[in-house]
Each structure stands twice: as C-alpha cells, then as structure tokens.
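Peer 1: Only the shape, not the letters, is given here:
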C-alpha cells in the first residue's frame with residue numbers, strides 16, 4: 001500500500017466499490033468524509049495494540065503539586081500518548097499485586113520517584129512510518145465507518161468490519177512474532193507457590 005493518507009483513503013473507498021479521490025481536499029462528499037474520520041480512526045487503531053512502529057519512551061518529571069490523596073506524585077502524560085504500555089518497568093507491584101500507578105486526567109499518579117520512565121504507544125501522523133499491515137487495518141476500519149454513508153448498505157458495512165477484524169488479527173500476529181520476549185518479576189503469590 002502506498003504511504004499516503006490519500007492512498008489509504010482510496011484503499012477504503014475501493015473496498016466499498018467507490019472511485020478514488022485525488023486528495024482529501026477534493027470538493028466531494030467522499031473526500032470530506034475521509035478527511036473528517038481519518039485522524040480519529042488512525043488513533044483508534046493505534047490504541048488497539050502495542051505497535052512496534054508506534055512505541056516510544058519518555059522520562060517524565062514530577063509536577064510540583066502532589067495528588068490530593070492515595071499517591072505521592074503525579075506526572076503529566078506526553079501529548080502524543082495514546083496508550084500507556086509500561087510505567088517504571090512494571091504495571092503492578094510484584095509483592096502485593098496492586099497497581100503501582102493510576103491514570104487520571106492525563107496524569108500518571110504513583111509513589112515512584114522522579115524521573116519516571118515510561119513506554120507508550122504514540123500518535124504517528126506520518127503514514128510513511130506505518131507498518132503495511134497497520135495501514136491495511138486503518139483502510140478496512142475507514143471502509144466500515146463510511147460504508148453506510150457511501151453505499152447505504154449494512155451488508156457492505158458488516159463485510160468491511162469482518163475485513164477489519166481479519167486485518168487486525170494478522171497485524172497483531174505479525175507484531176507479536178516480532179516482539180522480544182517480555183520478562184516478568186516473580187510476585188509474592190508466585191513465590192508462595194514454591
């Protein structure tokens with residue numbers, strides 16, 4: 001698939017039996033609908049998985065004001081963060097099994113010391129950096145989103161949703177195969193079992 005927003009939009013239109021547009025700025029309902037939904041669908045699809053091409057790391061400084069209760073510090077989330085993947089190397093306290101952080105109002109609340117290292121799925125606006133399987137999933141989701149507007153056919157919408165689910169399954173599989181094995185810390189529960 002060609003690496004441009006228009007190419008992905010045209011792939012979606014093709015799945016619905018519609019003709020291509022030259023640009024999202026064309027004076028055409030199809031182009032306007034693609035333009036109005038593209039960014040939301042991109043973010044929705046990015047948030048669905050820990051895509052390798054969209055992973056980022058950040059070292060966050062604590063805010064001057066602590067949370068009202070429950071945690072000692074709060075850290076602002078990066079502006080391009082769509083999904084938090086890891087905080088300080090773990091998602092849960094290995095001894096108690098309770099979360100070592102909470103997400104509230106665009107902030108990470110935690111007792112961890114600053115700076116706080118995180119990994120997250122970032123918003124990737126440049127489609128040239130997308131995995132081709134992810135681009136296919138976005139095209140399928142766009143087709144599902146626009147099917148009834150363009151074709152007045154719920155059957156085509158259902159078919160596009162099935163294509164989206166199949167494309168996601170394939171993209172998830174390949175993404176998982178390429179992932180390095182993750183290590184887990186033995187917690188109190190697991191240690192007690194031995």
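Peer 2: Yep, that arrived. Just so it is clear, the structure is predicted and the values come from calculations on it, not from any experiment.
Peer 1: Kindly provide the distance from the spatially most central residue of the chain to residue 141.
Peer 2: Centroid-nearest residue in the chain: residue 47, 1.9 Å away (criterion: CA atoms, centre = their mean). According to CB to CB, to the nearest Å, residue 47 and residue 141 sit 12 Å apart. C-beta coordinates here come from the backbone N, C-alpha and C atoms, glycine included.
Peer 1: what are the ranges of the strands in the chain?
Peer 2: Counting by DSSP state E, the chain has these strands, from start to end: 55-60, 73-76, 81-87, 101-104, 107-110, 116-122.
Peer 1: So for the longest helix anywhere in the chain, mean pLDDT?
Peer 2: As assigned by DSSP state H, the longest helix anywhere in the chain is helix 154-177. Averaged across helix 154-177, pLDDT comes to 91.
Peer 1: Now do the buried residues in that helix.
Peer 2: 156-157, 159-161, 163-164, 167-168, 171-172, 175 (16 or more other CB atoms under 10 Å).
Peer 1: just stretch 121-135 next, same as before
Peer 2: Quick answer for stretch 121-135 (16+ other CB under 10 Å): 121-124, 127, 130-131, 133-135.
Peer 1: who touches it?
Peer 2: With contact meaning CB atoms under 8 Å, 6 or more residues apart in numbering, stretch 121-135 is reached by 1, 3-5, 7-8, 11, 42-43, 45-47, 49-56, 78, 80-83, 85, 138, 167, 170-171, 174-175.
Peer 1: For the chain, which segments count as helices?
Peer 2: Counting by DSSP H, one finds helices in the chain at the ranges 5-15, 29-47, 132-151, 154-177, 188-193.
Peer 1: could you check the angle helix 132-151 makes with the fourth one?
Peer 2: For the pair helix 154-177 and helix 132-151, the angle between their directions (axes from the mean of the first three to the mean of the last three CA atoms, to 10 degrees) equals 170 degrees.
Peer 1: Tell me how many other residues crowd residue 67.
Peer 2: Counted by other CB atoms under 10 Å, the residues lying close to residue 67 total 15.
Peer 1: before we move on, what about the one 4 residues further on?
Peer 2: Here the number of neighbours of residue 71 (other CB under 10 Å) works out to 18.
Peer 1: show me what contacts it?
Peer 2: By CB under 8 Å, 6+ apart, the contact list for residue 71 reads 101-102, 109-111.
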